[in-house]
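# compute the structure for the input listed below.
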Amino acid sequence: MKKNFTHMFAVGIITIFLSLTLISCMTVGRKFPVEPVTKIVIDLTTQQDIQRMFGNPWRMGIENGMKTWTYGDYHYSAFGGTTTTDLVVRFNTDKTVDSYTFNTTNPEYMKK
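Below you'll find the model as predicted:
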């Protein structure tokens, strides 16, 4: 009986440890290439160009009546810090880029 209790206690401790490890790290969005950001040209680059450069958007929406596509890669960790990278593209009615915003906490991306 004591051996069974010790085994159950050890399994319980391991389960708690693994659960805490899993909930302390979280990823939202998906990785996307950042190199093509510098190739975006306002009023010239099209939705098709953006899709070719970055793939399908992670989120789509409307801002002030304009279609928006968001590409986001967010990694949260209770132990190792947070890294975020996102690109929000706003489109004109003719499906060309009206404006875009690129933000990141990764200094390596800003050197390019």
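
# list the contacts of the closest residue to residue 76 other than its chain neighbours.
By the measure of C-beta to C-beta, 6 or more residues apart in numbering, the closest residue to residue 76 outside its immediate chain neighbours is residue 26, 4.7 Å from it. (Each C-beta comes from the backbone N, C-alpha and C, glycine too.) By C-beta atoms under 8 Å, 6 or more residues apart in numbering, the contact set of residue 26 is 75, 76, 77.

# whichever strand or helix holds residue 51 - contacts with which helices or strands?
With secondary structure defined by DSSP states H and E, residue 51 is part of helix 47-54. With contacts defined as 3 or more C-beta pairs under 8 Å, 6 or more residues apart in numbering; DSSP states H and E, the packing partners of helix 47-54 are strand 66-77, strand 83-91.

# for it, give me every contacting residue.
Residues from elsewhere that reach helix 47-54, judged by C-beta under 8 Å, 6+ apart: 32-33, 36, 39-40, 57, 67, 69, 71, 87, 89, 91, 95-97.

# after it, which helix or strand is next?
Secondary structure here is assigned by DSSP H and E; on that basis, the next helix or strand after helix 47-54 toward the C-terminus is strand 59-63.

# pLDDT (mean, whole number) over that next one?
Averaged over strand 59-63, pLDDT sits at 96.

# can you list the strands that it pairs with?
strand 66-77 (antiparallel) (DSSP bridges).

# tell me which residues in the partner strand are buried?
For strand 66-77, the neighbour count (16 or more other C-beta atoms under 10 Å) marks 67, 68, 69, 71, 72, 73, 74, 75 as buried.

# who's the fifth one bridged to?
Using DSSP bridges, the beta-bridge partners of residue 72 come out as residue 86.

# gap between it and residue 46?
From residue 72 across to residue 46, the span is 21 Å (C-beta to C-beta, to the nearest Å).

# and residue 53, how many neighbours?
Neighbour count for residue 53, taken as other C-beta atoms under 10 Å: 17.

# what about residue 75, distance to residue 43?
With C-beta to C-beta as the criterion, residue 75 and residue 43 are 34 Å apart.

# how about the helices and strands packed on helix 47-54, which one is nearest residue 107?
Proximity of the helices and strands packed on helix 47-54 to residue 107 was assessed by C-beta to C-beta; the nearest stretch is strand 83-91, lying at 10.5 Å.
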